[in-house]
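Compute the structure for the input listed below.
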Amino acid sequence: MLKVRNLKLGYDNVPVIFDVSLDVKEKEVVSIVGSNGAGKSTILRGLSGLIKPMAGTIEFMGENINKIPAHKLVEMGIAHVPEGRQLFGKLTVRENLMMGAYVLKDEATKKDALDQVYALFPRLKERESQPAETFSGGEQQMLAIARGLMSRPKLLMIDEMSLGLAPVLVDKVMDSLKVIRTTGITVLIVEQKVKEALELADRGYVLASGRILQTGTSAELLESDIVKKAYLGM
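As a prediction, this is how the structure comes out:
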């Protein structure tokens, strides 16, 4: 579904991602893990069209998307749940969700998408009239993921879903992703909580200083001496 080759990304002509190649197959859950500042979020910004590649290629569903603007990529089926959630705090749960459905063309399709999201996240249905700013951090993260699902993406990309959350809330958000994967949506996660992200995924990429350090199945990476020493404190 996603094929990235020799990707170079940066800001103001200063590269922070160097020669990154990765693949995401249909219906997989793939994690890009690494410490804070490794460049994980920059990769997602490049894949979603928010910044343009300095070199390399990005293909989605067999089509080169290097020059396609971000809003068109949403229409093609790529949804990006940004770091820090970035919800509309004064808007209600329902209003935030409907903002995520702007690419859907008719009201019946939007209602169907909303019903599906509420089925996945009953808590949001119960509190659909509440402003997003009244939610806890974990609930806001759940809402941000649900908003991403409202565009009915083929590929859902989630950036640092554990950021700022207490451990018990991290577990709840991870559980919500386990539910999402049962729907068959392909998921790409970037996350600095290495163990949790790899346990959730089929495969993973370890990123350090803007370069892929190691790749493999989640089981292989969790047993890797490099990962154990650098990220798991073992």
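
Next up, the contacts around the residue nearest the centre of the chain.
Nearest to the geometric centre of the chain sits residue 158, at 1.5 Å (C-alpha atoms, centre = their mean). For residue 158, the contacting residues are 81, 145, 148, 177, 187, 188, 189, 190, by C-beta atoms under 8 Å, 6 or more residues apart in numbering. Yep, even glycine has a C-beta here, placed from its N, CA and C like the rest.

Output the strand or helix carrying it in PDB with nothing but the alpha carbons.
Residue 158 belongs to strand 155-159 when assigned by DSSP states H and E. Taking Å, rounded to 0.1, in the frame of the first residue of the first chain, the C-alpha atoms of strand 155-159 are listed here in PDB:
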ATOM      1  CA  LEU A 155      -4.200   4.200   5.700                       C
ATOM      2  CA  LEU A 156      -4.400   5.700   9.200                       C
ATOM      3  CA  MET A 157      -1.200   7.300  10.500                       C
ATOM      4  CA  ILE A 158      -1.000   8.100  14.200                       C
ATOM      5  CA  ASP A 159       1.700  10.400  15.600                       C
END
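
what's the following helix or strand after it?
Downstream of strand 155-159 (by DSSP H and E), the next one is helix 167-181.

could you check the distance from residue 79 over to residue 232?
When C-beta to C-beta, to the nearest Å is the yardstick, residue 79 and residue 232 sit 30 Å from each other.

is it true that residue 192 touches residue 32?
No: counting by C-beta atoms under 8 Å, residue 192 does not reach residue 32; the two are 10.2 Å apart.

Quickly list what's touching both of those two.
In contact with both residue 192 and residue 32: residue 40, using C-beta under 8 Å, 6+ apart.

more crowded one of these two?
Set residue 192 next to residue 32 and count neighbours by other C-beta atoms under 10 Å: residue 32 wins out with 27 against 17.

What backbone torsions are found at that one?
Here is the backbone geometry of residue 32 (degrees, to the nearest 10): phi -110, psi 110.

what does the one 10 residues further on give?
Note on residue 42: backbone dihedrals following degrees, to the nearest 10 are phi -60, psi -40.

tell me which residues of the helix or strand of the chain with the lowest mean pLDDT are tucked away?
Scoring the helices and strands of the chain by mean pLDDT, DSSP states H and E places helix 167-181 at the bottom, with a mean of 78. Using 16 or more other C-beta atoms under 10 Å as the test for burial, helix 167-181 gives 169, 170, 172, 173, 174, 176, 177, 180, 181.
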